[in-house]
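Engineer: only geometry, no sequence info:
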């Protein structure tokens, strides 16, 4: 029986404990980092999309460091 990820795709991996597909497993830390940079809980990325969120996060980091 195949496991299904929370996103709806099949979580095909060798780790029997992990409940996320590879995309979600590796994307989660990126989304968390963007939420920290934007100072929210992920709403900016949710509203504007991943590409714009990353571009704007780069601008924020460059301007502040």
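Structural biologist: Nice, thanks for sending it over. Model, not experiment: these values are computed from the prediction.
Engineer: in this structure, which spans are helices?
Structural biologist: 22-38, 43-48, 50-64 (DSSP state H).
Engineer: Throw these into a markdown table and include mean neighbour count and mean pLDDT, thanks.
Structural biologist: The way it works is simple: take the backbone N, C-alpha and C, and place the C-beta from them, glycine included. Output for the helices of the chain, formatted as a markdown table (neighbours: other CB atoms under 10 Å; pLDDT from 0 to 100):
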| stretch | mean neighbour count | mean pLDDT |
| --- | --- | --- |
| helix 22-38 | 14 | 92 |
| helix 43-48 | 14 | 96 |
| helix 50-64 | 12 | 97 |
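Engineer: can you redo those helices as CSV with distance to residue 6?
Structural biologist: Output for the helices of the chain, formatted as CSV (distance: least, CB to CB, whole Å):
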stretch, distance to residue 6
helix 22-38, 7
helix 43-48, 16
helix 50-64, 17
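Engineer: Which one of those helices lies nearest to residue 5?
Structural biologist: helix 22-38 (5.6 Å; CB to CB).
Engineer: now what about the closest one, what contacts it?
Structural biologist: Defining contact as CB atoms under 8 Å, 6 or more residues apart in numbering, one finds that helix 22-38 is touched by 5-7, 9, 13, 18, 20, 41-42, 44-45, 53-54, 56-57, 60-61.
Engineer: Could you rerun that using 6 Å?
Structural biologist: Helix 22-38 is contacted from outside by 5, 7, 41, 42, 44, 45, 53, 57, 60, using CB atoms under 6 Å, 6 or more residues apart in numbering.
Engineer: With stretch 51-65 instead?
Structural biologist: With CB under 6 Å, 6+ apart as the criterion, stretch 51-65 contacts 34, 37, 44, 45.
Engineer: now do 8 Å
Structural biologist: Outside of stretch 51-65, the residues within contact range by CB under 8 Å, 6+ apart are 33, 34, 37, 38, 44, 45, 48.
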